[in-house]
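# Task: produce atomic coordinates for the following.
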Amino acid sequence: MRFVSIALLAALSLPLPSFAGPTDAELAAARLEYIDGDYEAALVVIREAAEDGSALALNIMGAAYDDGRGVEQDAAIAVTYFERAAKAGEVRARYNLGSLFAYGSGNVPADPKRAKREFRLAASAGYAPAMTALGQLRASATPADHEAAADWYEKAHLKGDVVATANLAHAFAVGQGRNENWTRARVLYTEAAARGFPRAFNDLGVMHEQGRGVHPDALTAFSFFLQGVQLGYPKAGINLAELIVKAQFSFATKEAALGYCYWGMDRASDSERASFQEDCDELERILQPDETARAKARSFADGIR
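Residues are numbered from 1 along each chain as shown. A predicted model of the protein is given here:
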């Protein structure tokens, strides 16, 4: 008969040492590091917290793999992390799954039905951006259902989603899903602008330039377009360039107008680029700049912050 030593019994009776993962404060600090762009250092802590089951950390790991920040881009791994985060109660992970499947990403193809399902789950949990996303899906469907889209925007707006506020303003402005109502559109755009939403400044500029729901006012339009530029909204640069030429402001040169057009082109998305190029080509046709003027315009564009 073999006996277990007293020393071994004593050791077995002691509590196991605790190897706790990162604290909430450490994870919060790592999240800020990640937002600031220090991805690899941040992910050391975030990955450890994810392995420990943190829903927030799992969601961030999913985003990292989806975007390829701090790790090699791999959407399939991103889906795995998002699914684990969602099961752990992170509603934003449901939204991220919806976004990923809405358009596809890397090695994961688009799956509109899965996207809609994930957005609905997030929306049912009260997550406003998912409501906005459901509205955008209805607006872009074939055929589009603008009334249903506006209904979702209304719900998300009431929950404080600024994108929904701007989208609902647009619905009232163009009469899609809501009766055309420029006063209501202006109120909603103003609310979105007050919260710093770049597109709202551009659309308020359009309203004041064209006199939609307000008296035409080129100077006010200039101010709104300029604020849109300062917030980095490319279309505001194109609109500002065209307004300068049209209004012939004494304080704005043709080089500045062309510079704003260049600035907008530099920041255009793939879907915007062709249209913006046509706008800038037309502007050059009107202004007839020589190489010196083009160089000044380029310098002006590069100096916009």
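
# What's the separation between Ala110 and Lys116?
Distance from Ala110 to Lys116, counting by C-beta to C-beta, to the nearest Å: 12 Å. Bear in mind the C-beta positions are built from the backbone N, C-alpha and C, glycine included.

# Let's see the pLDDT reported for Gly21.
Confidence at Gly21, expressed as pLDDT, is 82.

# ok, it - contacts?
48-49, 51-52, 54 (C-beta atoms under 8 Å, 6 or more residues apart in numbering).

# swap in Val45?
22, 26-27, 29-30.

# Filter these down to the buried ones.
Those of the contacts of Val45 that meet the buried threshold are 22, 27, 30, by 16 or more other C-beta atoms under 10 Å.

# roughly how far apart are Asp266 and Ala301?
7 Å.

# ugh, wrong one, Ala29
38 Å.

# swap in Leu243?
16 Å.

# same thing with Ala115?
Taking C-beta to C-beta, one finds Ala115 at 37 Å from Ala301.

# Equivalent analysis for Tyr95, please.
35 Å.

# out of the two, which sits in the busier spot?
Ranked by neighbour count (other C-beta atoms under 10 Å), Tyr95 and Ala301 place Tyr95 first, with 26 against 21.

# Touching, that one and Ala130? I think so.
Yes. Judged on C-beta atoms under 8 Å, Tyr95 makes contact with Ala130 at a distance of 4.8 Å.

# For those two, list the residues in contact with both.
118-119, 122.

# and which of those is nearest Thr220?
When the shared contacts of Tyr95 and Ala130 are compared for distance to Thr220 (C-beta to C-beta), Phe119 wins out at 37.3 Å.

# and the gap between the closest residue to the closest one other than its chain neighbours and Phe249?
Computed as C-beta to C-beta, 6 or more residues apart in numbering, the closest residue to Phe119 that is not its neighbour in sequence is Gly98, at 3.9 Å. Using C-beta to C-beta, we find Gly98 at a distance of 45 Å from Phe249.
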